[in-house]
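*Asks:* Provide a 3D model corresponding to the input given below.
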Amino acid sequence: MGVAATRQSTDQIHRALRGDILNAALRPGEAISEARMALQFGVSRTPVREAFKRLVEEGFLVVVPQVGTFVAPIDLAAVYDSQFVRETLECRTVALAAQKIDEPGKARLAAFIRQQEQALAEGDRAGFFRSDEGFHAELARLSGHPSVWHLIESVKAQLDRVRCLSLATDGWSEMILGEHRRIAEAVSAGDEATAERTMRAHLRTVFDAIETIARDHVDAFATRLGKPN
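*Replies:* Alright, predicted model coming up:
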């Protein structure tokens, strides 16, 4: 395999494994081996080794000498940091969205809500998560600052691991959908104060998610639990 082909394979494997870790298909503490992944992807161990190296650097995998490679526990400090960034930016963007929204924007928000309703009815967790992301990205676009969402995406990987695990909790997706409906209603009504207040409450549900997941997945987190001040 040439250098270019190896790099392409490495990129594909990295993307696939990173996605599996983010959406909890690979869970914290789960063992993962170069040999098994090479067989699964139909490649040599070289691109797998390079993909593993990237994931270790990003905090998604951890290597235990003489034992093996494992999916890293969720970095709680990184979760709280990304939550701080997200709350700071999204509460401002949702208020601006309420200020600037037009009829096509209202229709797009309503379409995302329908997508989430359908995904929930079909038990499609991955589809629900994608539509959730699209809903928040649309709010950033409506605010007039679409690149803000790209900034948020760049810092929220550990937070997304919590969010994806939370979707497996009974009633959690329904609760998120209800919060999205209230945000969409406030934005569509041009109610900046309610939109901002509802968004802040919505984003802070991650703290409840952490506590719930901690009960069901004792080894999921890298540090001791406790809400920040």
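*Asks:* Now the residue nearest the centre of the chain: closest residue in space, sequence neighbours ignored.
*Replies:* Centroid-nearest residue in the chain, with C-alpha atoms, centre = their mean: Asp160, separated by 2.5 Å. Nearest residue to Asp160 in three dimensions, chain neighbours excluded: Leu22, at 5.1 Å (C-beta to C-beta, 6 or more residues apart in numbering). For every residue, glycine as well, the C-beta is placed using N, CA and C.
*Asks:* do Arg125 as well
*Replies:* The shortest distance from Arg125 to any non-neighbouring residue, by C-beta to C-beta, 6+ apart, is to Leu167 (4.9 Å).
*Asks:* Hmm, that neighbour is touching Ser173, no?
*Replies:* Yes. If you go by C-beta atoms under 8 Å, Leu167 and Ser173 touch, sitting 5.4 Å apart.
*Asks:* shared neighbours, the two?
*Replies:* Here Leu167 and Ser173 have Arg125, Phe128 as joint contacts, going by C-beta atoms under 8 Å, 6 or more residues apart in numbering.
*Asks:* More neighbours: the two, which one.
*Replies:* Set side by side, Leu167 and Ser173 show more neighbours around Ser173, with 21 against 18, by other C-beta atoms under 10 Å.
*Asks:* Where does pLDDT dip in the chain?
*Replies:* In the predicted model, the chain carries pLDDT under 70 at residues 1-6, 214, 216-218, 223-229.
*Asks:* The longest helix that the chain contains: which residues count as buried?
*Replies:* Secondary structure assigned by DSSP state H gives helix 76-100 as the longest helix of the chain. Using 16 or more other C-beta atoms under 10 Å as the burial criterion, the residues of helix 76-100 that qualify are 76, 78-83, 85-87, 89-91, 93-98.
*Asks:* Good, we can wrap up now.
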